[in-house]
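1. any chance you can model this:
(one chain, ligands or ions: 2)
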Amino acid sequence: MAASVYTHSICSLLPHLPKSQNYGDHCNVRKLLSRILDSNALRKPRSKLNSLRSSKVNMDVADFEVGKQLYLGMDFGTSGARYALIDKEGEIYAEGKREYPLYMSEETIDWVKSWKTTLFTLMEDIPVGLRPAIASISIDGTSGTTIIVDSTTGEPLCRPFLYNESCPEALPIVKAIAPAKHTVCSGSSTLCKVVSWWRSSIDSSKTSATLLHQADWLLWLLHGKLGLSDYNNALKVGYDPEVESYPPWLLSQPYSCVLPVVLPPGTTIGTMKESIRSQFGFPKDCVICTGTTDSIAAFLAARANQPGKAVTSLGSTLAIKLLSTRRVEDSRFGVYSHRLDDKWLVGGASNTGGAVLRQIFTDEQLKKLSEKINSAEASPLDYYPLQDIGERFPVADPEMKPRLHPRPASDVEYLHGILESIARIEAKGYSLLKELGATPVEEVFTAGGGSKNEKWIQIRERVLGFPVRKALQTEAAYGAALLAMKGAAAER
Ligand SMILES: Nc1ncnc2c1ncn2[C@@H]1O[C@H](COP(=O)(O)OP(=O)(O)O)[C@@H](O)[C@H]1O
Ligand SMILES: O=C(CO)[C@H](O)[C@H](O)COP(=O)(O)O
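-> Ligands and ions are numbered 1, 2, ... in the order given. Alright, predicted model coming up:
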């Protein structure tokens with residue numbers, strides 16, 4: 001028992017490893033722990049582990065026009081959280097970011113405490129002089145990050161299941177009830193996580209539980225109404241955004257009692273809790289709106305509004321979103337469609353991406369080495385960059401192994417090979433969407449931390465074969481702020 005508890009606790013340390021994987025035969029648990037504690041994010045001495053901050057006020061508060069309304073978006077990504085404060089013209093008044101502080105208890109990261117602390121730390125970073133003008137707030141989070149909470153208190157009943165964790169033991173049960181190739185038929189789906197929790201929890205928890213996603217839970221902290229989600233976050237538990245309801249095959253399950261009420265993204269839920277409002281100096285009519293997922297917020301930020309336009313989020317993970325007039329889903333390849341008003345955002349999320357780069361290079365090294373890459377030349381190196389075993393898209397294979405060798409003597413060549421290999425995965429993703437019937441891609445905008453790498457954009461344009469450029473707004477927090485603006489407009 002001790003071993004399994006310990007393994008379980010290590011699992012939450014290494015979110016990129018499948019939850020139910022038997023670490024006994026994969027690696028020494030101590031080695032896993034030393035790896036996460038040695039990673040970039042944890043190199044600072046414990047005393048320095050308070051969250052690192054950067055923020056920018058783009059307008060002089062003294063010039064702020066009285067009566068003007070501002071809209072606050074917050075993005076809770078993989079490695080940290082950001083906020084953007086904009087006006088109705090989309091002008092950024094202030095923005096900031098915080099890395100997640102790591103709270104350890106018995107070798108386990110307390111992600112819920114980290115996210116909650118980061119939420120209120122970000123709110124403290126917002127210039128006091130601008131807070132009275134904030135009309136509405138929305139939040140995006142990582143998709144499929146699942147928190148089962150007590151329906152009365154909102155307190156988590158177990159540790160969260162992170163976005164890229166997999167519960168393969170639940171997959172046969174889900175496949176037995178869902179239509180073939182449905183979005184939930186993936187080990188990393190929210191429904192597999194709910195089934196996994198349901199099978200392992202005691203009866204008393206079952207009757208008093210509610211499912212929330214990361215963004216839902218953070219928004220609940222601000223508005224205080226439990227059990228509300230949006231149809232982007234709820235997609236992977238089985239909600240059908242086309243008919244705006246859960247399907248009968250899901251409602252007939254015993255665990256359907258935990259399912260949240262689902263609203264469109266950017267819907268006003270209510271005003272901010274008075275205790276928080278008065279503590280931070282927000283206005284009495286500041287409304288909290290339903291959120292979305294991080295890669296959809298990044299798409300919204302890019303303002304790509306024509307079918308055929310796409311956004312690739314080069315964050316910790318590679319997520320692609322193509323605006324299509326046709327809905328496509330095929331869990332065999334990790335392809336699903338999110339609804340965006342009357343169109344569909346077709347795509348998927350790979351486990352490749354920036355987090356693999358960060359395991360090998362610091363951001364400063366990435367910048368310096370990238371400058372030396374000849375982006376016009378194809379790299380002969382063929383990798384499949386993953387942090388560890390398991391891939392979600394464009395191949396849904398929980399057993400896929402990372403391939404990052406042979407490593408050349410030159411770090412410039414090595415980085416070139418990794419960036420080009422990730423570009424090939426991106427290209428495979430877009431050609432797969434076309435094969436499955438989505439509107440063919442014409443142009444790709446780039447969001448996320450990797451969007452600052454001009455050489456990578458040039459490599460990707462060569463590999464993809466169509467125009468690739470950096471989005472005007474590359475932060476998902478900007479997209480969440482646009483959702484807040486939508487919610488406030490609906491209130492007027
Ligand atoms: N110059 C760069 N070139 C390529 N990738 C970069 C560069 N700078 C940062 N990154 C990558 O950006 C990622 C962070 O992007 P971000 O959008 O903040 O991620 P997330 O929100 O998913 O945590 C890191 O994993 C890092 O490797
Ligand atoms: O990789 C991820 C974290 O960054 C998420 O899976 C990402 O949100 C993609 O999910 P979705 O396509 O549902 O937005």
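
2. ok, and does the helix or strand harbouring A488 reach over to ligand 2?
-> Here A488, judged by DSSP states H and E, is contained in helix 476-491. No - residues of helix 476-491 contacting ligand 2 under Cβ under 6 Å from any ligand atom: none, with a closest distance of 8.9 Å. To be clear about C-beta, it is placed using only N, CA and C from the backbone, and glycine gets the same treatment.

3. packing partners of that helix?
-> For helix 476-491, the packing partners by 3 or more Cβ pairs under 8 Å, 6 or more residues apart in numbering; DSSP states H and E come out as strand 70-76, strand 80-86, strand 134-141, strand 268-271, strand 287-289, strand 292-293, helix 294-302.

4. dump those to JSON lines, plus distance to K486, mean neighbour count and mean pLDDT.
-> Shown next, in JSON lines, are those (distance: least, Cβ to Cβ, whole Å; neighbours: other Cβ atoms under 10 Å; pLDDT from 0 to 100):
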{"stretch": "strand 70-76", "distance to K486": "9", "mean neighbour count": "30", "mean pLDDT": "98"}
{"stretch": "strand 80-86", "distance to K486": "12", "mean neighbour count": "25", "mean pLDDT": "97"}
{"stretch": "strand 134-141", "distance to K486": "8", "mean neighbour count": "29", "mean pLDDT": "98"}
{"stretch": "strand 268-271", "distance to K486": "9", "mean neighbour count": "18", "mean pLDDT": "97"}
{"stretch": "strand 287-289", "distance to K486": "7", "mean neighbour count": "27", "mean pLDDT": "98"}
{"stretch": "strand 292-293", "distance to K486": "11", "mean neighbour count": "32", "mean pLDDT": "98"}
{"stretch": "helix 294-302", "distance to K486": "9", "mean neighbour count": "31", "mean pLDDT": "96"}
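
5. regarding the nearest residue to A234 once chain neighbours are set aside, what is its secondary structure?
-> The spatial neighbour of A234 that comes closest, neighbours along the chain excluded (Cβ to Cβ, 6 or more residues apart in numbering), is V262 at 4.6 Å. Classification of V262 using DSSP: H, G, I helix; E, B strand; the rest coil returns strand.

6. next one: V262 from S451, what distance?
-> From V262 across to S451, the span is 31 Å (Cβ to Cβ, to the nearest Å).

7. the helix ranked longest in the chain: which residues count as buried?
-> The helix that spans the most residues within the chain, counting by DSSP state H, is helix 411-435. By neighbour count on 16 or more other Cβ atoms under 10 Å, the buried set for helix 411-435 is 413-430, 432-433.

8. the closest residue to ligand 1 within the stretch 201-350 of the chain: how many residues sit nearby?
-> Using Cβ to the nearest ligand atom, the single residue of the stretch 201-350 of the chain nearest to ligand 1 is G315, 2.7 Å away. Using other Cβ atoms under 10 Å, G315 is surrounded by 26 other residues.

9. contacts only, for it.
-> By Cβ atoms under 8 Å, 6 or more residues apart in numbering, the residues touching G315 are G77, T78, S79, D294, S295, A298, G353, G354, A447, G448, G449, G450.

10. just to revisit the earlier point, would you mind giving the helices and strands packed on helix 476-491 as a markdown table with distance to ligand 1 added?
-> Listed next are those as a markdown table, based on distance: least, Cβ to the nearest ligand atom, whole Å:
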| stretch | distance to ligand 1 |
| --- | --- |
| strand 70-76 | 7 |
| strand 80-86 | 6 |
| strand 134-141 | 10 |
| strand 268-271 | 24 |
| strand 287-289 | 21 |
| strand 292-293 | 12 |
| helix 294-302 | 6 |
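
11. re earlier: show the average pLDDT along the longest helix of the chain.
-> Helix 411-435 comes out with an average pLDDT of 98.

12. quick one: mean pLDDT over the helix or strand just after it.
-> Downstream of helix 411-435, the next assigned helix or strand under DSSP H and E is strand 443-447. For strand 443-447, the per-residue pLDDT values average out at 97.
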